[in-house]
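Novice: Here is my input, please return the structure:
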Amino acid sequence: MHGVSGVAGEFGEMSVSSTSASRGALVGGDLGQGHVDAAGGAEDEAGLLGDVAGKSLDGELLLPEVAAAQPLMHRFAYVGSDLQDMFGVDAQRIQQVTSLANAYFDSGNAKTTMVTLAATPDGVLVAAETVKDFQLQIGDQINLRLQSAKDQQYHIVSFHFLGIVREFPTAPKDSFLVANASYLAQQTGNPAAEVVLLRAKADAPTLAGIVRPLVASLPGVRVSDLEQTARTISSSLTAVDLRGLTLLELSFAVLLLVGASGLVLALGLTERRRSSAILSALGAKQGQIAAFFWSEGLLLNIGGGLAGLLLGLGLAQMLVKVLTGVFDPAPEGLSLPVGYLLVLLLAIALATASVVLLMRRLARQHVTEVLRDT
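Specialist: Below is the predicted model:
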């Protein structure tokens, strides 16, 4: 296995990875956080060169520009006949250097998942594909084969299944495992950390320039930052800016809502002009007639608003469930556009007030004229 060191910044992400290693580890944290990742190549899978990361953490990469540092193990484990990446973490401190989104875990709560993992020394988080293949249930014992540093052979190590993990920093897109680093070190006899994640105080590209000379002596090491990775990804994808289209759609929704609510209310009140004239002929005051207008407008808007809110929330929840497998990472939950909702409420209030005031003016016409016209 290969040794890896990393540095993370707040404004970008950089990776320093091996070009000669058979397997590489790249930092995969959220784009809002910056990361720098250095990977050195080695021929053995037992991680004999893993101490490169440890030594870097002890001295070389502990720079004034670094805000926090955490080691991360990257091993390989056999799940049945399938060889999968396995990551050993300090569950209590991993979030000091990278953000773990709730969508990374099937439980929907990253903090609770890490607390549970920290409280279960032999706990393991498993990818959904593996859980489905082996029909695992929470609490099941899992026997994995891990390579021992003593004889370089794979031996059975028991774990307990704690939950499903969808994404994780440095993890590949296919199936992988996440466990406690201390338990992995104890069972394999190898405490070396193949990855070290560092959070930078400044932007990652600047820190990348500082790190490159420090890892230049390591054979097969390359350095790349988040911007470079983003350009590589975007070169093979078609990017579409939907902001203009979304603004047009939302504006049309406001106009449609104003027109629909105002038109429905106006038609309803127009049909009641004769009733209003009769009430006026019977001695009803203008304020009393206006109260009928206002009450109908409020009833229509409040009732329609509540029905639309329930239908909208239900539809949004359904879309989140349906699109969970489409977006990477999946959405954590609904996004509530408070500002846009306030605009809608203001537009409805203005439309209702305009219609009611117009009907009040029409209601002031002479009773005989209204009865004759209607």
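
Novice: where exactly do the helices run in this structure?
Specialist: 51-55, 110-119, 128-134, 181-188, 204-215, 226-235, 243-271, 273-281, 286-322, 338-363, 367-373 (DSSP state H).

Novice: Could you dump these into a markdown table with distance to Leu198, mean neighbour count and mean pLDDT added?
Specialist: From N, CA and C alone the C-beta is placed, and that goes for glycine too. Output for the helices of the chain, formatted as a markdown table (distance: least, Cβ to Cβ, whole Å; neighbours: other Cβ atoms under 10 Å; pLDDT from 0 to 100):
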| stretch | distance to Leu198 | mean neighbour count | mean pLDDT |
| --- | --- | --- | --- |
| helix 51-55 | 11 | 20 | 48 |
| helix 110-119 | 19 | 17 | 94 |
| helix 128-134 | 30 | 15 | 91 |
| helix 181-188 | 16 | 18 | 94 |
| helix 204-215 | 8 | 20 | 75 |
| helix 226-235 | 14 | 13 | 58 |
| helix 243-271 | 34 | 13 | 80 |
| helix 273-281 | 75 | 17 | 68 |
| helix 286-322 | 34 | 13 | 80 |
| helix 338-363 | 36 | 15 | 81 |
| helix 367-373 | 80 | 12 | 59 |
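
Novice: out of the ones you listed, which comes closest to Ala91?
Specialist: helix 110-119 (3.8 Å; Cβ to Cβ).

Novice: which intervals of the stretch 51-200 of the chain have sub-threshold pLDDT?
Specialist: Low-confidence segments of the stretch 51-200 of the chain (pLDDT under 70): 51-62.

Novice: one step back: with distance to His160 as extra columns, can I get the helices of the chain in TSV?
Specialist: Shown next, in TSV, are these (distance: least, Cβ to Cβ, whole Å):
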stretch	distance to His160
helix 51-55	28
helix 110-119	10
helix 128-134	13
helix 181-188	11
helix 204-215	37
helix 226-235	35
helix 243-271	45
helix 273-281	73
helix 286-322	29
helix 338-363	42
helix 367-373	80
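
Novice: nearest to Pro169, of the ones you listed?
Specialist: Using Cβ to Cβ, those put helix 110-119 closest to Pro169, at 11.5 Å.

Novice: Show me what the closest one is packed against.
Specialist: If you count contacts as 3 or more Cβ pairs under 8 Å, 6 or more residues apart in numbering; DSSP states H and E, helix 110-119 packs onto strand 123-126, strand 154-164, strand 176-180.

Novice: send the alpha carbons of it over as CSV?
Specialist: The C-alpha coordinates for helix 110-119 follow below in CSV (Å, rounded to 0.1, in the frame of the first residue of the first chain):
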residue,chain,number,x,y,z
ALA,A,110,-23.5,12.3,10.2
LYS,A,111,-22.8,13.4,13.8
THR,A,112,-24.9,10.5,15.3
THR,A,113,-23.3,8.0,13.0
MET,A,114,-19.8,9.0,14.0
VAL,A,115,-20.7,9.0,17.7
THR,A,116,-22.1,5.4,17.3
LEU,A,117,-19.0,4.4,15.4
ALA,A,118,-16.7,5.8,18.1
ALA,A,119,-18.7,4.0,20.8
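
Novice: Which residues outside that helix are in contact with it?
Specialist: By Cβ atoms under 8 Å, 6 or more residues apart in numbering, the residues outside helix 110-119 that reach it are 89, 91-92, 94-95, 100-102, 104-105, 107, 123, 125, 162-163, 165, 178-180.

Novice: about what we covered before: go through the helices of the chain and name the closest to Val195.
Specialist: Per Cβ to Cβ, nearest to Val195 of the helices of the chain: helix 51-55, 6.3 Å.

Novice: re the thing from before, can you lay out the helices and strands packed on helix 110-119 as JSON lines showing distance to Phe76 and mean neighbour count?
Specialist: Formatted as JSON lines, the helices and strands packed on helix 110-119 follow (distance: least, Cβ to Cβ, whole Å; neighbours: other Cβ atoms under 10 Å):
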{"stretch": "strand 123-126", "distance to Phe76": "14", "mean neighbour count": "25"}
{"stretch": "strand 154-164", "distance to Phe76": "9", "mean neighbour count": "18"}
{"stretch": "strand 176-180", "distance to Phe76": "10", "mean neighbour count": "25"}
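
Novice: Identify whichever of these lies nearest to Val211.
Specialist: strand 176-180 (25.6 Å).

Novice: In the sheet, which strands lie alongside that closest one, parallel or antiparallel?
Specialist: Sheet pairing for strand 176-180, assigned by DSSP bridges, gives strand 82-89 (parallel), strand 123-126 (antiparallel).

Novice: Output those in JSON lines; the columns should cover distance to Leu63.
Specialist: Compiled in JSON lines, the strands paired with strand 176-180 are given as follows (distance: least, Cβ to Cβ, whole Å):
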{"stretch": "strand 82-89", "distance to Leu63": "23"}
{"stretch": "strand 123-126", "distance to Leu63": "32"}
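
Novice: which stretch among those strands comes nearest Leu315?
Specialist: Closest among these, using Cβ to Cβ: strand 123-126, at 31.8 Å.

Novice: residues in contact with the closest one?
Specialist: With Cβ under 8 Å, 6+ apart as the criterion, strand 123-126 contacts 105, 113, 116-117, 136, 142, 144, 159-165, 175, 177-180.

Novice: again, only using 6 Å
Specialist: Counting by Cβ atoms under 6 Å, 6 or more residues apart in numbering, strand 123-126 makes contact with 117, 159-163, 165, 177-179, all of which sit outside it.

Novice: Please apply the same query to stretch 341-350.
Specialist: 254, 258, 261, 301.

Novice: so the second one makes contact with Ala353?
Specialist: No - with contact taken as Cβ atoms under 6 Å, Val258 and Ala353 are classed as non-touching, separated by 11.6 Å.

Novice: Fine, thanks again, bye for now.
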